[in-house]
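K.L.:
Just to be clear, the model below is a prediction. Sequence and coordinates:
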Amino acid sequence: MLDKKMEDAFNSQINAELYSEYFYLSMKAYFETLNLKGFVNWMNVQIQEEHAHAMGMFDYVNTRGGRVVLKAIDAPKTEWHSVLEVFEDILKHEQLVTSLINKLADVADEVKDRAALSFLNWYIKEQVEEEESVGGVLATLQLIGDDKNALFTLDKELATRVFNPPVIG
Ligand code: OFO
């Protein structure tokens with residue numbers, strides 16, 4: 001059985017993961033307006049990953065006999081001035097999610113829920129990969145600057161990203 005404090009913390013994180021999905025969906029809409037299909041594809045994978053992160057916790061709360069309670073999802077930002085600005089926002093957002101996951105692990109520690117802590121280890125490792133992958137694209141965009149040809153080359157590269165459903169926990 002899940003401790004109430006742990007259950008509430010998981011429910012808040014489910015909301016944060018669904019917000020991430022929504023935020024990235026908004027970025028996908030922005031890339032559609034620029035006709036950057038590789039960036040659209042990259043966001044598509046990101047959106048599916050966030051959905052999987054939310055559902056991983058959703059299923060875990062149920063497995064532990066807890067009750068999932070969904071909250072309202074905030075409206076995301078809808079306009080950006082550049083591709084670079086989008087990736088700056090993604091990195092900032094992933095860094096925020098990393099801190100939220102760490103706080104969730106702190107709650108598991110506090111209520112001495114070792115099973116939840118072990119489950120959350122997957123998310124802790126995933127955040128390292130998330131920040132690395134976003135940071136890599138951001139670094140390339142910083143190098144590219146205003147070079148349109150280089151941007152289209154990157155767009156082609158991002159078109160190759162595929163979603164591999166994660167095995168969580
Ligand atoms: Fe992007 O890792 Fe979940 O939120």
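P.N.:
On my side now, so go ahead. Numbers count the residues shown, from 1 in each chain.
K.L.:
pLDDT at residue 150, what is it?
P.N.:
If you check residue 150, the pLDDT there is 98.
K.L.:
Can you give me every residue that contacts it?
P.N.:
By Cβ atoms under 8 Å, 6 or more residues apart in numbering, the contact list for residue 150 reads 143, 144. Yep, even glycine has a C-beta here, placed from its N, CA and C like the rest.
K.L.:
How about residue 113?
P.N.:
2, 3, 6.
K.L.:
what's the following helix or strand after the helix or strand where residue 44 lies?
P.N.:
Residue 44 belongs to helix 37-63 when assigned by DSSP states H and E. Counting by DSSP H and E, the element after helix 37-63 in chain order, helix or strand, is helix 83-110.
K.L.:
if we can go back for a sec, please identify the buried residues of the helix holding residue 44?
P.N.:
Judged by neighbour count using 16 or more other Cβ atoms under 10 Å, the buried positions of helix 37-63 are 38-54, 56-58, 60-61.
K.L.:
what about residue 33, distance to residue 80?
P.N.:
10 Å (Cβ to Cβ, to the nearest Å).
K.L.:
which one of the two has more residues nearby?
P.N.:
residue 80 (18 against 9; other Cβ atoms under 10 Å).
K.L.:
Surely that one is in contact with residue 88?
P.N.:
No - taking contacts as Cβ atoms under 8 Å, residue 80 lies outside contact range of residue 88: 9.3 Å.
K.L.:
so what's residue 156 up against?
P.N.:
Contacts for residue 156 (Cβ under 8 Å, 6+ apart) come out as residue 38.
K.L.:
and this protein, which of its residues are near the ligand?
P.N.:
17, 20, 50, 53, 94, 97, 130 (Cβ under 6 Å from any ligand atom).
K.L.:
How about the fourth one, nearest residue that isn't a chain neighbour?
P.N.:
Looking back up the chat, that one is residue 53. Once flanking residues are discounted, residue 53 sits nearest to residue 17: 4.4 Å by Cβ to Cβ, 6 or more residues apart in numbering.
K.L.:
Now do the same contact list for the one you found.
P.N.:
Applying Cβ under 8 Å, 6+ apart to residue 17 gives the contacts 50, 51, 53, 54, 57, 97.
K.L.:
Mind picking the two most distant members of the residues you listed?
P.N.:
51 and 97 (14.1 Å; Cβ to Cβ).
K.L.:
My guess is residue 135 contacts residue 90. True?
P.N.:
No - Residue 135 is not in contact with residue 90 according to Cβ under 8 Å; the separation is 9.5 Å.
K.L.:
Looking at those two, which one has more neighbours?
P.N.:
residue 90 (24 against 15).
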